[in-house]
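S.K.: Show me how the following folds:
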Amino acid sequence: MACAAGLLLLSCLSEVVNPAKAWLLVPLEILFWPLLAVNLFLVVWSLLRRSKAVFIPLVAIVPALFFLGRYVQFKGADGPAEGERSVKVVSYNVGRFRSYPNRLSSQACQDSVIRFLRSTDADIICLQEFYVANGQSIQVLMQSLLSGYVPTYYLYTGKKGKFGNVILSRYPLRNKGHVEFDSSVNLALWADYRIGDQTVRVYNCHLESYNISPAGLAEKLRGKRDKEVIEDTGRKMRRSIRQRASQVEQVFKEIDNSPVAAIICGDFNDTPLSYTYYKTMRGHRDSFKQAGKGIGASYPSSLPFIRLDYILCPRTMRAVSYDCPRLKYSDHRPVATEFVFEKE
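M.R.: Okay, the predicted model is just below:
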């Protein structure tokens, strides 16, 4: 009982500890819900037995309740008020247009994603893992598929094509740049836009993933190399955890030095109880907490379980709508939100 309570408390504390220095806390952060469920069961069990030990799990549950709003919301929002001018932002990890789990062709998947993006009528679109095959021009592709938007992008060159981050905007572009990460093909792309009488910077972030395929892991385990597979998986997890901690420090240094307020979008590959979330939320608002309703999970798209995708706004803005459509064109679901500027 004390062990379960202690693990839940450590899970709650994991967000303030740099995982590069204590990477073992990350699995506890991921296991927040199972640990909470275990402690709730222990409370009920202790009450039925009329045991004084009921206070042990309660000590852990009470602080955990303060984090529930990052995962589940009940109120929602009705959109901008009459006369309010809103800015609609969409963020979507399109997974290089490799459909999941429907297994559409790359072209059919791309067409489906483009149709969805058109239907959103968004003002700003942030895409991660955007893919362009060799021989294709991203400028021509954008003009033909998503006309009316100004594209800003940074793509790496692979064997069969180029991939990376893209920002599409209907607002005038003022400036742009990117943050490359050491020993990684992940990155953060940024662009400044003039919105009304204000300039706003948009960060499109794709932070390091675990690079672990459940299907591939199961296949290796069937090969009866359990110890080798477990050790390799552990190495990958430690490496990605440390890289992600370094990457968020890089990005936030850029945000701190930004001359204008910043909207932060993207696939963080981390949960709402993570150090990544804790750092990026500083001076910002979570659009899901402000305007979401229901469970905010965005991954995997077939059975949303974990929230990895975010749109955060500066304190000068407020979210008035939030949606996370159940699309299966990628392993992630898209996130869409509307912001209005706060009245001074």
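S.K.: Pick out the residue nearest the middle of the chain.
M.R.: Central residue of the chain (CA atoms, centre = their mean): Asp309, 2.0 Å from the mean position.
S.K.: That residue: what's it in contact with?
M.R.: Shown in contact with Asp309 (CB atoms under 8 Å, 6 or more residues apart in numbering): 91-93, 266-268, 298-299, 324, 332-335. (Glycine included, C-beta is placed from N, CA and C.)
S.K.: so what's it closest to, chain neighbours aside?
M.R.: Ser298 (4.1 Å; CB to CB, 6 or more residues apart in numbering).
S.K.: so what's the one you found up against?
M.R.: Counting by CB under 8 Å, 6+ apart, Ser298 has contacts Pro304, Ile306, Arg307, Leu308, Asp309, Cys324, His332, Arg333, Val335.
S.K.: Tabulate the residues you listed (TSV), appending pLDDT.
M.R.: Below are the contacts of Ser298 laid out as TSV (pLDDT from 0 to 100):
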residue	pLDDT
Pro304	81
Ile306	90
Arg307	93
Leu308	95
Asp309	97
Cys324	96
His332	94
Arg333	95
Val335	97
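S.K.: Looking at those residues, which one is closest to Val150?
M.R.: Val335 (21.3 Å; CB to CB).
S.K.: measure the closest one to Leu312 for me?
M.R.: From Val335 across to Leu312, the span is 11 Å (CB to CB, to the nearest Å).
S.K.: ok, now Ile263?
M.R.: Taking CB to CB, one finds Ile263 at 7 Å from Leu312.
S.K.: Is Gln243 within a helix or a strand, and which one?
M.R.: helix 226-256 (DSSP states H and E).
S.K.: Can you name every helix or strand that that helix contacts?
M.R.: strand 173-180, strand 187-195, strand 198-206, helix 214-222, helix 275-280 (3 or more CB pairs under 8 Å, 6 or more residues apart in numbering; DSSP states H and E).
S.K.: ok, then the element right after it?
M.R.: Taking DSSP H and E, what comes next after helix 226-256 is strand 262-267.
S.K.: what comes into contact with that next one?
M.R.: 89, 91, 93, 124, 126, 128-129, 165, 188, 190, 200-207, 209, 255, 280, 284, 308-314, 317, 332, 335, 339.
S.K.: strands paired with that strand, and their directions?
M.R.: Strand 262-267 has the following strand partners under DSSP bridges: strand 198-206 (parallel), strand 309-314 (antiparallel).
S.K.: Quick check: which of those strands is buried the most?
M.R.: strand 309-314 (a mean of 25; mean count of other CB atoms under 10 Å).
S.K.: Next SSE downstream of it?
M.R.: strand 317-323.
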